[in-house]
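*Asks:* Next input, structure requested:
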Amino acid sequence: MNKLDLPIRMRRNRSNHNIRRLVAENVLTSADFIWPLFVLEGDNIVQPIDSMPGVNRYSLDRIVEVVGEAVALGIPAIALFPYTTPDKRTSDGFEALNPENLMNRATRLIRAAYPDLIIMCDVALDPYTDHGHDGLLRDGVILNDETIDVLVKQALTQAEAGCDTVAPSDMMDGRIGAIRKGLDSAGYEDVRIMAYSAKYASAFYGPFRDAVGSTSALKGDKRTYQMDFSNGKEALREAALDIEEGADMIMVKPGMPYLDIVKELKDSFQMPTFAYQVSGEYSMMMAAAHNGWLDKNKVMMESLMSFKRAGCDGILTYFALEATKFLKENS
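*Replies:* Below is the predicted model:
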């Protein structure tokens, strides 16, 4: 009851579709999505990823067409990941520095076709190492500073290829500042850095490792450099360091199990803040929908809205294309 002894009816503003739209606190649009895409060598290939229903690897001659569909729908950004064949994987991940590697050739093709599209490129060595780790490995130990030297060179090759947003996902200490300095010194002052600031050592990455071919390559785990999922406040320190070192945007990965981290980072820093709805999250929902246990469209949209509600400025999601089509059809 209120001061006039009248009943408070919160339901008035829920009574029909239009009033719910009018008072909605958060709204999803195509501008909220970044679409992760996987590329592989070959010709005229669209290769389904078994552990990620509805997600494919695309050969270079097909990737431009696929990206075009996203551009036509108003999706502003893509994130590229390469499937590197075992013969190009080495202990030092040297293929990452090849100006003509798969990632860089894909970037050039897409940039030529869509000059205004945001192209995000993963900066890490795990797609290129024969041990599956994000950094250089010696006697079972990941070498932080030696890895950073390689990551700077990798970022420079990506910038030269036309990448406008490098996304270091390796979680080496100090890599954001080193990459920023390297980019600026080479004349790439306008290339953005989206820092994987709070990337947790998570079991939700399994299908992604299938997608880039690192599942069988990975030796051990990544807990010495990715964050412990028990920790929340540590994410504040990680993000603060990345921002101080020159990050333009920060990211939390995985997404839904870490929405508390998203909210805390957004509230604390008011930086452009993103989250990655990772492969395991996507695959769980798709598997449940396939079995008739969940309504795919409803859980897709509800899950994506949870990111906005937590404070995300954008979401990396494999649902990007499908969600945008759903929004347009139901606007």
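*Asks:* Which strands or helices does the helix or strand bottoming out on mean pLDDT in the chain pack on?
*Replies:* Least confident helix or strand, the chain: helix 206-212 with a mean of 90, by mean pLDDT, DSSP states H and E. Secondary-structure packing of helix 206-212 (3 or more Cβ pairs under 8 Å, 6 or more residues apart in numbering; DSSP states H and E): strand 77-82, helix 279-290. Yep, even glycine has a C-beta here, placed from its N, CA and C like the rest.
*Asks:* Going by neighbour count, list what's buried in the last one.
*Replies:* What it means is helix 279-290. Residues Ser279, Gly280, Glu281, Tyr282, Ser283, Met285, Met286, Ala289 are the ones in helix 279-290 that count as buried (16 or more other Cβ atoms under 10 Å).
*Asks:* repeat for stretch 184-193
*Replies:* Tyr188, Val191, Arg192, Ile193.
*Asks:* which of the residues you listed lies closest to Asp116?
*Replies:* Ranked by distance to Asp116 (Cβ to Cβ), the buried residues of stretch 184-193 are led by Arg192 at 14.3 Å.
*Asks:* which residues in this structure form helices?
*Replies:* 17-22, 60-73, 102-113, 144-161, 175-185, 206-212, 233-245, 259-269, 279-290, 296-310, 320-329 (DSSP state H).
*Asks:* Export the ones you listed to JSON lines and append columns for distance to Ser30.
*Replies:* Formatted as JSON lines, the helices of the chain follow (distance: least, Cβ to Cβ, whole Å):
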{"stretch": "helix 17-22", "distance to Ser30": "17"}
{"stretch": "helix 60-73", "distance to Ser30": "6"}
{"stretch": "helix 102-113", "distance to Ser30": "18"}
{"stretch": "helix 144-161", "distance to Ser30": "25"}
{"stretch": "helix 175-185", "distance to Ser30": "29"}
{"stretch": "helix 206-212", "distance to Ser30": "23"}
{"stretch": "helix 233-245", "distance to Ser30": "27"}
{"stretch": "helix 259-269", "distance to Ser30": "20"}
{"stretch": "helix 279-290", "distance to Ser30": "18"}
{"stretch": "helix 296-310", "distance to Ser30": "12"}
{"stretch": "helix 320-329", "distance to Ser30": "4"}
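*Asks:* Tell me which of the ones you listed sits nearest to Ser197.
*Replies:* helix 233-245 (4.2 Å).
*Asks:* how far does that closest one sit from the chain's center?
*Replies:* Here helix 233-245 is found 18 Å from its chain centre; the criterion is Cα atoms, centre = their mean, to the nearest Å.
*Asks:* From the contact counts, what lies against that helix?
*Replies:* By 3+ Cβ pairs under 8 Å, 6+ apart, helix 233-245 packs against helix 175-185, strand 192-199, strand 249-253, helix 259-269.
*Asks:* quick one on the thing from earlier: among the helices and strands packed on helix 206-212, which is nearest Ala320?
*Replies:* So among these, strand 77-82 is nearest, using Cβ to Cβ, at 8.5 Å.
*Asks:* Test my guess that Thr165 contacts Val123.
*Replies:* No - counting by Cβ atoms under 8 Å, Thr165 sits too far from Val123 to count as a contact (10.3 Å).
*Asks:* For the chain, give me the ranges with low pLDDT.
*Replies:* Judged by pLDDT under 70, the chain has its weakly predicted residues at 1-2.
*Asks:* 90 instead?
*Replies:* By pLDDT under 90, the low-scoring segments of the chain are 1-8, 209-210, 212-220, 331.
*Asks:* residues contacting the closest residue to Met52 other than its chain neighbours?
*Replies:* Leaving aside its chain neighbours, Met52 sits nearest to Pro207 (4.7 Å; criterion: Cβ to Cβ, 6 or more residues apart in numbering). By Cβ atoms under 8 Å, 6 or more residues apart in numbering, the residues touching Pro207 are Ile49, Ser51, Met52, Ser279, Gly280, Tyr282, Ser283.
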